[in-house]
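Peer 1: Mind looking at a prediction? Sequence and model below.
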Amino acid sequence: MAELSQADKKYLLALARETIRKHLAPGERGAGVAPPSGSSSVLLDKRGVFVTLHRGGELRGCIGYPLPLKPLWEAVQEMALAAAFDDPRFPAVAADELAGLDIEISVLTVPQKVAGPDRVRVGVDGIIVSKGLQRGLLLPQVPAEQGWDLEQYISYGCRKAGLPADEWRRGVQIETFQAVVFGEKRQPEDA
């Protein structure tokens, strides 16, 4: 997997913010942002991505998809809009909130099945817990932010899937992935 440069990270953060701004601006709705030109080829690679919005340190929206379905720059645009306007846990972002939003982007590796919970590395691996049609995903930074140990992490993954917290003891499928996480508060250093 090609590495994201600091310039790529800055571009993607600016792209996410500009995409939300254009959606909020009268007369600009639906006006897309052009694909990158002369930029790193990694921006054109298909990648799984999540966009997380915080306001005043609190979660304000987070949506993404784990599989590499679209070029990275396009996936960031789509998920920035989804996090701002389609997260069912929150009302749509209003224009007067935009300046106070902190944008974080997680660029994911392709999920891989693991043999069991003991194969999950807390703080390194994101998880997808599934059983039947129920699925729950937690990004790798979540357990560190919440102070969870492995058992808590897997239990919350089960709950996110709509399963009992201890369902992992009876058998669930677990997939792991890693992420490059960067944001406006985690400002990329200049290369």
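Peer 2: Right, received. Where do you want to start? Nothing here was measured: the structure is a model prediction, and the numbers come from that model. Numbers count the residues shown, from 1 in each chain.

Peer 1: Just give me the residue right at the centre of this structure.
Peer 2: Phe50 (1.9 Å; CA atoms, centre = their mean).

Peer 1: which ones are touching that one?
Peer 2: Residues in contact with Phe50 (CB atoms under 8 Å, 6 or more residues apart in numbering) are 62-65, 79, 105-106, 108, 139, 179. Any C-beta I mention is one placed from the backbone N, CA and C, and that applies to glycine too.

Peer 1: go again using 10 Å as the cut-off
Peer 2: When contacts are counted by CB atoms under 10 Å, 6 or more residues apart in numbering, Phe50 touches 62-66, 75-76, 79, 82-83, 104-108, 126, 137, 139, 179, 181.

Peer 1: Kindly report the same for Asp86.
Peer 2: Taking CB under 10 Å, 6+ apart, we find Asp86 in contact with 61, 63, 79, 92.

Peer 1: Spatially, which two of the residues you listed are the most separated?
Peer 2: The span of the contacts of Asp86, defined through CB to CB, is set by Met79 and Ala92 at 15.0 Å.

Peer 1: neighbour count winner among the two?
Peer 2: Met79 (26 against 12; other CB atoms under 10 Å).

Peer 1: tell me which element the more buried one is part of?
Peer 2: According to DSSP states H and E, Met79 maps onto helix 72-85.

Peer 1: what's downstream of that helix, the next helix or strand?
Peer 2: In N-to-C order, the element after helix 72-85 by DSSP H and E is strand 101-108.

Peer 1: Can you list the neighbours in contact with the very next helix or strand once past that next one?
Peer 2: Following strand 101-108 in sequence order, the next helix or strand is strand 112-114 (DSSP H and E). With CB under 10 Å, 6+ apart as the contact definition, strand 112-114 has outside contacts at 119-121, 125, 127-128, 130, 173-178.

Peer 1: May I see the buried residues of strand 112-114?
Peer 2: Buried residues in strand 112-114, counted by 16 or more other CB atoms under 10 Å: Val114.

Peer 1: need the contacts of Asp86 in CSV with pLDDT, can you?
Peer 2: Below are the contacts of Asp86 laid out as CSV (pLDDT from 0 to 100):
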residue, pLDDT
Gly61, 96
Ile63, 95
Met79, 96
Ala92, 95
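
Peer 1: can you put the residues you listed in TSV and add distance to Ala25?
Peer 2: Formatted as TSV, the contacts of Asp86 follow (distance: CB to CB, whole Å):
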residue	distance to Ala25
Gly61	19
Ile63	21
Met79	19
Ala92	14
